[in-house]
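Peer 1: A structural model of the following input is requested.
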Amino acid sequence: MSAMRRIAGILWPSFLVACGMEVLVFAMIDPIHSYCGADALRMSRQGIYTVSFFVFWLMAAASSACTTLLALPSEKETAS
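Peer 2: Below you'll find the predicted structure:
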């Protein structure tokens, strides 16, 4: 598998998971009415949504990358 295909295989599913997480979390929570430290940074509601999306995407990408790493064949399997 080429490197670009592997990266796309990590980033695309994690993007979809981040979209779903964004919808699920912010359907139940209004970031302006909950304390999350954003008021100390003077972030708008849209800013909180944006930062949260990228955090969700990073977490999902890390999970996908771990799965891809664990799915690679071991050295013993490639030698035989």
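Peer 1: going forward, measure contacts between C-alpha atoms and count neighbours the same way
Peer 2: Fine.
Peer 1: low-confidence ranges, the chain, go.
Peer 2: Residue ranges of the chain with pLDDT under 70: 1, 35-40, 77-80.
Peer 1: if we use 90, what do you get?
Peer 2: For the chain, applying pLDDT under 90 flags the ranges 1-3, 29-48, 69-80.
Peer 1: tell me the centre residue of the chain?
Peer 2: Residue closest to the mean C-alpha point of the chain, counted by C-alpha atoms, centre = their mean, is Trp57 at 2.0 Å.
Peer 1: how far off centre is the strand or helix carrying that one?
Peer 2: Assessed by DSSP states H and E, Trp57 sits inside helix 45-71. In terms of C-alpha atoms, centre = their mean, to the nearest Å, the centre of helix 45-71 is found 1 Å from the chain centre.
Peer 1: which parts of that helix are buried?
Peer 2: Of the residues in helix 45-71, 48-49, 52-53, 56-58, 60-61, 64-65 count as buried by neighbour count, 16 or more other C-alpha atoms under 10 Å.
Peer 1: got it, and stretch 13-31?
Peer 2: 14-15, 17-18, 21-22, 31.
Peer 1: can you list contacts of that stretch?
Peer 2: With C-alpha atoms under 8 Å, 6 or more residues apart in numbering as the test, stretch 13-31 has contacts from 45, 48-49, 52-54, 56-58, 60-61, 64.
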